[in-house]
Each structure stands twice: as C-alpha cells, then as structure tokens.
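Asker: Give me coordinates for this.
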Amino acid sequence: MKKIAVIVAGGTGTRMGSELPKQFLLLKNRPLLYYTIDTFLKAYDDLELVLVLPDVYTDMGQEIIDAYFDKDRIRITVGGSSRFESVKNGLQLITEDAIIFVHDAVRCLVTTDLIRRCYEQALETGSAIPVVPSNDSVRLLTEDGSDALEREKIVLVQTPQVFHSKILIPAFSIEQKGKFTDEASVVEAFGMKVSLVEGDKNNIKITHPIDLIVAEQLLNQM
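Answerer: Next comes the predicted model:
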C-alpha cells in the first residue's frame with residue numbers, strides 16, 4: 001500500500017514567543033522540521049511526504065529540503081487559516097489509494113517504531129490514533145465549576161494520526177467545525193469509528209520554550 005505523510009507545519013507558533021515559526025527553530029543546530037522529515041523518510045523507503053507550510057515560509061522549507069533530503073520524495077503546499085484547512089490542502093495532492101499519516105511538524109521526536117506501529121494498525125483497521133495515559137488528575141469544566149474524571153479512562157492524543165485514504169479524504173469534505181482539533185474528530189464527525197494504538201511518551205509537541213530544553217535532553221538519549 002502506498003504511504004504518504006502529510007506534515008502539518010502551517011502554524012506561526014505564537015506561544016513560543018518567537019517571530020520565527022517554531023517548526024524552524026533550531027534544536028542542536030538543525031530546524032525542528034528537519035528531525036520530523038528525517039524520521040518519516042527513514043521509516044519507509046517508499047514513503048512520500050507532503051509538507052504544509054505558511055505561504056511566506058515555503059522558500060525556507062524548500063531550503064531545508066534541498067540541504068538535507070531527496071527532494072523527489074517531498075512536495076510542498078501552502079497551509080490554510082486553520083489546522084483543518086491546512087490538512088485539507090495537503091490531502092488535495094493525494095490522488096490515489098494510500099495509507100495517509102498526518103503529523104504535527106513540531107512533534108519532532110517521533111520515532112520510526114511509532115510510525116510503523118501506526119501503519120500496521122491502519123492497514124488492519126483503517127485508522128490508528130496514538131495515545132498515552134494521563135499522568136495527571138483531570139477535571140471537566142462545567143457551568144457550576146468542575147467535575148473530577150477517572151484518570152484511568154482518559155488518554156492523551158498524539159500524532160501521527162493514520163488512515164486509509166478512502167476514510168480520511170472523504171471525511172474532509174464536511175464543513176469545518178470548531179471542535180475539530182485533530183483528524184480523529186473529523187473522521188468521527190463523518191460517522192466513522194477510529195482505532196487507538198499505543199503512543200510514545202517522548203513524542204512531545206514543542207509548544208513553549210521549555211519544550212525545546214526537554215526535547216534536547218530527550219534527543220541526547222535517543
């Protein structure tokens with residue numbers, strides 16, 4: 001089955017407090033985006049990649065590709081005003097049946113093991129959503145305050161979220177809604193069930209400055 005990864009790097013990363021989008025910030029002298037692309041291309045020799053970037057940063061993305069990678073395996077497209085629109089733009093470049101990985105560019109510590117685990121699950125069930133247990137107590141905010149939830153029944157969702165193209169592409173034909181924070185929520189709104197798979201606690205999303213420090217320490221251990 002054809003394998004295509006849609007790497008979503010369309011955001012500006014305002015929470016990092018940096019003018020440069022976080023996917024281009026340096027981690028051990030290389031952009032975060034480098035590590036994400038590198039791992040996906042190493043996971044499968046026949047995997048192709050669609051990189052979704054902000055319009056004004058496509059040249060910078062191309063420079064990274066030209067410097068480090070086989071450009072024949074990577075295509076660039078422009079992101080939209082939301083994650084939903086950015087993913088939809090990436091999916092428009094996929095015209096044949098495939099297993100599609102959708103991954104946050106700033107989850108730069110993703111491993112080939114996780115990528116392959118998700119692929120095998122998606123081949124079997126049509127989808128694979130990596131999750132990890134919550135280490136913290138969790139509460140649900142209500143109009144009257146908040147309610148404690150059973151931590152054992154809560155999982156934290158990661159990427160790559162992986163689907164057969166016959167599931168994911170039609171799902172993105174529906175109208176965008178505010179509750180769509182990931183691809184799983186889109187697919188579920190389309191009326192399909194999703195399948196969970198064991199994630200990786202080190203597969204963190206770089207969101208705040210402290211995350212860069214943590215990522216460097218984790219990278220040194222890999």
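Asker: Just to be sure, residue 193 is in a helix?
Answerer: No. Read with DSSP: H, G, I helix; E, B strand; the rest coil, residue 193 is coil and lies in no helix.
Asker: which residues sit in contact with the closest residue to it other than its chain neighbours?
Answerer: Nearest non-adjacent residue to residue 193, counting by C-beta to C-beta, 6 or more residues apart in numbering: residue 127, 7.8 Å away. (Glycine included, C-beta is placed from N, CA and C.) Going by C-beta atoms under 8 Å, 6 or more residues apart in numbering, residue 127 touches 121, 161, 162, 163, 164, 167, 184, 187, 192, 193, 194, 195.
Asker: Kindly recompute the last result at 10 Å.
Answerer: By C-beta atoms under 10 Å, 6 or more residues apart in numbering, residue 127 lies in contact with 99, 118, 121, 161-164, 167-168, 183-184, 187-188, 192-197.
Asker: so what's it bridging to?
Answerer: Counting by DSSP bridges, residue 127 forms beta bridges with residue 163.
Asker: picking up where we left off before, now, of the contacts of residue 127, which are buried?
Answerer: 99, 118, 121, 161-164, 167-168, 183-184, 187-188, 192, 194-195, 197 (16 or more other C-beta atoms under 10 Å).
Asker: what's the residue in the chain sticking out farthest from the centre sitting at in phi/psi?
Answerer: Outermost residue of the chain with respect to the C-alpha centroid, by C-alpha atoms, centre = their mean, is residue 144; its distance is 34.7 Å. When read as degrees, to the nearest 10, the backbone of residue 144 gives phi -100, psi 0.
Asker: and it, what pLDDT?
Answerer: Here, the pLDDT recorded for residue 144 equals 90.
Asker: what about it, distance to residue 137?
Answerer: 19 Å (C-beta to C-beta, to the nearest Å).
Asker: need the contact list for the closest residue to residue 126 other than its chain neighbours.
Answerer: Leaving aside its sequence neighbours, residue 126 sits nearest to residue 164 (C-beta to C-beta, 6+ apart; 4.8 Å). Contact analysis of residue 164 by C-beta under 10 Å, 6+ apart lists 1, 97, 98, 99, 100, 122, 123, 125, 126, 127.
Asker: Look up how far residue 76 lies from the last one.
Answerer: Relative to residue 76, residue 127 is positioned 26 Å away (criterion: C-beta to C-beta).
Asker: Show the contacting residues for residue 87.
Answerer: Counting by C-beta under 10 Å, 6+ apart, residue 87 touches 6, 8, 10, 50, 52, 79-80, 100, 102, 161, 168, 172, 180, 182-183, 186.
Asker: Got the phi and psi for it?
Answerer: Main-chain dihedrals, residue 87, degrees, to the nearest 10: phi -60, psi -40.
Asker: Please apply the same query to the one 5 residues further on.
Answerer: Here the main-chain torsion angles of residue 92 (degrees, to the nearest 10) amount to phi -70, psi -20.
Asker: Does it touch residue 77 like I think?
Answerer: Yes. At 7.5 Å, residue 92 and residue 77 qualify as touching, with contact defined as C-beta atoms under 10 Å.
Asker: So between these two, which is more surrounded?
Answerer: More crowded of residue 92 and residue 77, by other C-beta atoms under 10 Å: residue 77, with 19 against 12.
Asker: Quick check: the gap between the more buried one and residue 8.
Answerer: 11 Å.
Asker: Kindly report the same for residue 139.
Answerer: In terms of C-beta to C-beta, residue 139 sits 29 Å off from residue 8.
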